[in-house]
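In: Pasted the sequence and its predicted model underneath.
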2 protein chains.
Amino acid sequence: MFNNVKSVIIGKPLKNEALAGEKLGVLWGLPILSSDAISSVAYAGQAILAVLVPVIGVLAFTNMVYIAGAIICLLILLMLSYRQTIESYPNGGGAYIVAKDNIGIMAGVVAGAALSVDYVLTVAVSVSSGVEQITSGFAGLKPYTIPICVGVVLIITLGNLRGVRESSKLFGIPSYAFIIAILSMLVFGFAKLGSGYVPPTPTLKALADPVIIILMLRAFANGCTALTGIEAVSNSIPNFKDPATKHAKTVLLYLAIIVLVLFGGTTILSSQFHIIYNPGSALYNKAIIVQLAYQVFGNNFMYYYVIFTTFIILILAANTAYSGFPLLVSIMAKEGYAPKQFTMRGDRLSYSTGIIALSVIATLLIVIFKADVTLLLGLYAIGVFISFTLSQSGMFLKWFRGREKNWIPKAALNGFGAFVTFIVVIIIAVFKFTEGAWIVVLVIPGLVYLMLKVKKHYTSVSEQLRLTPDELRAIDLSPANYVNRVIVPVESINKASVRALRYAKTISDNIVAFNVSIDEESGRKIKEKYSLLNTDIPLIIKYSPYRRVLEPLLKFIESTEYTYKKGDMITVILPQFAVKTWWNKILHNHTRLFIERELIKHKHIVVATMPLQLKKDDLKPIKRVDI
Amino acid sequence: MFNNVKSVIIGKPLKNEALAGEKLGVLWGLPILSSDAISSVAYAGQAILAVLVPVIGVLAFTNMVYIAGAIICLLILLMLSYRQTIESYPNGGGAYIVAKDNIGIMAGVVAGAALSVDYVLTVAVSVSSGVEQITSGFAGLKPYTIPICVGVVLIITLGNLRGVRESSKLFGIPSYAFIIAILSMLVFGFAKLGSGYVPPTPTLKALADPVIIILMLRAFANGCTALTGIEAVSNSIPNFKDPATKHAKTVLLYLAIIVLVLFGGTTILSSQFHIIYNPGSALYNKAIIVQLAYQVFGNNFMYYYVIFTTFIILILAANTAYSGFPLLVSIMAKEGYAPKQFTMRGDRLSYSTGIIALSVIATLLIVIFKADVTLLLGLYAIGVFISFTLSQSGMFLKWFRGREKNWIPKAALNGFGAFVTFIVVIIIAVFKFTEGAWIVVLVIPGLVYLMLKVKKHYTSVSEQLRLTPDELRAIDLSPANYVNRVIVPVESINKASVRALRYAKTISDNIVAFNVSIDEESGRKIKEKYSLLNTDIPLIIKYSPYRRVLEPLLKFIESTEYTYKKGDMITVILPQFAVKTWWNKILHNHTRLFIERELIKHKHIVVATMPLQLKKDDLKPIKRVDI
């Protein structure tokens, strides 16, 4: 039943071959890879206002535009830098790979840790912001913010466990819908202003003498969240149609232009319309995109169109982390920096472990931070900019070492990019430290430590198992060296035990059947029934009032009664029901699993699991098992 | 590390022999077995008031005494009935056994289901009521009621996982301390009244014309919770010193007298002191024992002594369910009515599964009902009285069928007991239906259905596995019938795979090594290394871009390339690291477990698990593994 439910929710298992996907051109590559970057328009602007408004009041409108200008310069720099990365890494140049290749393994691991944190926050921030759009439009839903967020994460998770890539073009449409929404809002908004509309000026108290530089830097740090997602294109070059690098570079250019227009436009429009955002105030805590749409369009279709497309683009942005994170972790796991199960693909060929890990951590963050976008943004961006810095530094070293034709301008561009993004890391770490950045500042080194420890462990294990060619040549595989002895624990004399005994006969001549009875009486019964069996295998009976099999068995093996020589292998045969339903899972095999887990601690005991199949509907009249 | 933490919290594993405990006389048997019954004084009286006060105001004080009188009559009847049960079932006469033996298996299962529900509610009610005493005395703790309750359940759980029976005499002391507390309160209270003290009369509105009969029956149904726990003695006869039945009967008599005095006394005293309890009112929602103690003693040592002893006796009452429930479920599991893992004893010889199940369900109830004693009492008592009825009916049938000397008065007593308790079941089911009894009315049949379904499944399985003596004699165990073939999946040529190949040699002559490579290049490398090995075992290499081993392996087995004949057994040897720490558990064996789980679905595939031991501190410089 569990499997049925699972296949309805997750979908039928897919074959390996289903993995090769469709390749993308510019038309679909742009919207599919841009959702993370362009959706940040929804929170970056208001994050700037959230810092400025409570302190400098209406002055915020002017200063916000300056800060947005600085961020747009950074955007252009990053776009130019990443075009060079695309050129050099046609197979995909994520920060982990670029840093590892050019700086060293440690830089790669740091980039991997920073990116992991970043992916988790992408989910938490995007979902919280998406739901904030909805609760800003429909205030009645506000009390249910956290459950709605958790529900959205759950839906994204299930979608990804199903393997959502199949329908990827579908994911391009909302990006275009969102771009149209914001562009329309800009056009109508500026037209409204041009036609003489004067927006209401809110009365805002400005505190005297704010420490303006620190304030501006804190607002800038917040606004840098506008640049998250810009690196998505360079990670995904193999998904493009040929010529892939050319397509990727074009997409990145267009992406930068779109972010520039949308982010710049909404910033100027918000400042003209005197939009206030102050998450601490019950009056001004609505998402700025929703406030803008309301002022520009009023309460009509376009207002709701803006809300819904913004919501959807943010959900898609969260979804991009679901392809990025599991892939990143699986690459790191393949190299030994993360537990190997991250490399295993589930029934639907998705990296289930990574998907579930991402969802669990993101959900925890959402619940702990109560889906408060402004609080979550305190943690965001720092991971992104650390990976920008490492990636740009890696590219700089690559040019510097390679000294190909024209290396100087290329190195200069990436070097300058590394320098500027590093400065941004410092700004964020310092000026957002008390607002959550300290968590990330602690978590990233912690993750790096763990990753290195995991790697060390796997390395140690493979060293322990390694054989040199000389050793290999010297190995004698002939079994004459030692005896394989078999013990068949029998609970009662039934088809399961007969099947196990028969199998034992094929693998050894040195077999004992082993029974634990609660008293002499039941021991005698077993012996009597066993004697009917035409076999020379001796039956050993031990007594234990609580029918624990394990201790008597181990005691027997170590006793002089059992003529076991050091070096011999002992195979213990345990029957196991092939559990087909969750129902069977609850009712069977618990004792066996417990015994296996304990026996396996002994170096010379092999546990052979003998499958037993029950009829599928074992509650219907009985059909007997073949032996 | 997990094991270390576990052994600190749960204690070192115990040997089977440690189970035989000390036997009890009357002096210690009485307090140890009575905590559940006598602690109900803390909630039964106030449960009556909770029904009466909001409707009939001060009239409640008189009516409460009548109701308590009826309940005391019931108590005497039950005491006399159960003395007969003790006489007839010297090995312990729980309702499950008595009903099953004398009425039939169905009645036993119903009694088992009712008792299970009852045990869970004993925990929820007793803990909630215990914590209510504390929050009544220390009002500042009121907001933390639920966390405190959950914490208390956790402590009881850990205590029981450790196996608390060891120090059982210690558990007798609080019962005596509680009895002394309440007796002192009664003596001082009546003395105070005798010396002319006039308690304040609260102003209470009485509603006009209450439907008095229904009200009285509802109050009576609530008060019947005073009788829970009375059956504990008859379940525990084997724990008494010889002559056990005589000791048990004496203990039951004393127990009834104590409940009579404490419950009757506090009821009269509450009515004289005009104690009001109305959980809906912020003014009168303090536990009545605490209110009484305050009026009798004032704010001094005795007041706190009463509060603490009441708290502790209630916690011990909850604790009794922790010996009763796991034992009951283990008995039912042994007979196939519950999953077999309930019969397994943990490291400390306690039935861990039953203990954990009890805690989880009780905690859920506490959280759902917000630790509100009055609400939880709506569910309580019905299960107890169903088991009373079945047990008394069973005894009646026993006398009736046996017709020993003097059977008529004995049958009459148990028959009357069955009749009266059945009437009480109806009263509770009807008049408490809307207050929670409906849940129990639904849950008990649901549990019965599940238990029967589990039994049917186990019966079907053992039928499927059964062999008749004739069949046994006809079985040919000689292995000539079929071939045992071995497949050794090798990931790389290392000590693990060499060890597996060497083991394979001892169990078969028909072996293949099987490798899945991601491409030709790595396949070639494996082949080269393998060729260094001095063996005739062929190496099969298959390609899968994602290194999934399972599908290529199954495909190979089914292919014509593999000359596998129907009826042959195939043994697949998988190496497994003996994981000693939680850390290793995360990093190893996941792929192996997945492959084993899938292979075992195939009837002719045996999975042999080959243990590999890593050095304990495998992060230190490497010591190499022996092969």
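Out: That came in fine, so what should we check first? Numbering: from 1, shown residues only, chains lettered A, B, ... in the order given.

In: what's around the residue in the stretch 301-450 of chain A positioned nearest to chain B, how many residues?
Out: Nearest residue of the stretch 301-450 of chain A to chain B, counting by CB to the nearest CB: A:Q341, 4.1 Å away. C-betas here are computed from N, CA, C, even on glycine. The number of residues packed near A:Q341 is 21, by other CB atoms under 10 Å in any protein chain shown.

In: show me the contacts for it.
Out: Shown in contact with A:Q341 (CB atoms under 8 Å, 6 or more residues apart in numbering or on different chains): A:333, A:353, B:590-591.

In: tell me the SS of it?
Out: helix (DSSP: H, G, I helix; E, B strand; the rest coil).

In: residues in the stretch 301-450 of chain A within reach of chain B, list them.
Out: A:339-341, A:343-345, A:349 (CB under 8 Å from any CB of the partner chain).

In: right, is stretch A:524-531 up against chain B?
Out: Yes: applying CB under 8 Å from any CB, one finds that stretch A:524-531 is in contact with chain B at A:K529.

In: That stretch: which residues count as buried?
Out: The neighbour-count check on stretch A:524-531 (16 or more other CB atoms under 10 Å in any protein chain shown) flags A:526, A:529-530 as buried.

In: So which residues of the stretch 51-200 of chain A form helices?
Out: A:60-88, A:95-102, A:105-137, A:145-162, A:173-194 (DSSP state H, counting those that start in this stretch).

In: actually the stretch 501-627 of chain A, sorry about that
Out: Under DSSP H, counting those that start in this stretch, the stretch 501-627 of chain A gives helices at A:520-531, A:550-558, A:582-587, A:590-599.

In: can you check the stretch 251-400 of chain A too?
Out: Here the stretch 251-400 of chain A has its helices, by DSSP H, counting those that start in this stretch, at A:288-297, A:301-334, A:352-368, A:373-377, A:382-402.

In: what's the angle between the first one and helix A:105-137?
Out: It refers to helix A:288-297. 40 degrees (axes from the mean of the first three to the mean of the last three CA atoms, to 10 degrees).

In: Off-centre distance for helix A:288-297?
Out: Relative to the mean C-alpha coordinate of its chain, helix A:288-297 is positioned 34 Å out (CA atoms, centre = their mean, to the nearest Å).

In: packing partners for that helix?
Out: If contacts are counted by 3 or more CB pairs under 8 Å, 6 or more residues apart in numbering or on different chains; DSSP states H and E, helix A:288-297 sits against helix A:41-56, helix A:105-137, helix A:173-194, helix A:244-272, helix A:301-334.

In: Quick check: buried residues in the fourth one?
Out: Right, the one you point to is helix A:244-272. Here helix A:244-272 shows A:244-245, A:247-256, A:258-272 as buried, counting by 16+ other CB under 10 Å.

In: Then stretch A:385-401?
Out: A:385-399.

In: Check stretch A:86-94 too.
Out: By neighbour count, and taking 16+ other CB under 10 Å as the criterion, the buried residues in stretch A:86-94 are A:86-89, A:92-94.

In: just stretch A:438-458 next, same as before
Out: A:440-441, A:443-444, A:447-448, A:451, A:454-455, A:457-458.

In: Among those, which lie within strands?
Out: Nothing among those maps onto strands, per DSSP state E.

In: I'd like those residues laid out as a markdown table, including pLDDT.
Out: Output for the buried residues of stretch A:438-458, formatted as a markdown table (pLDDT from 0 to 100):
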| residue | pLDDT |
| --- | --- |
| A:V440 | 88 |
| A:V441 | 87 |
| A:V443 | 92 |
| A:I444 | 92 |
| A:L447 | 93 |
| A:V448 | 94 |
| A:M451 | 93 |
| A:V454 | 90 |
| A:K455 | 91 |
| A:H457 | 86 |
| A:Y458 | 87 |
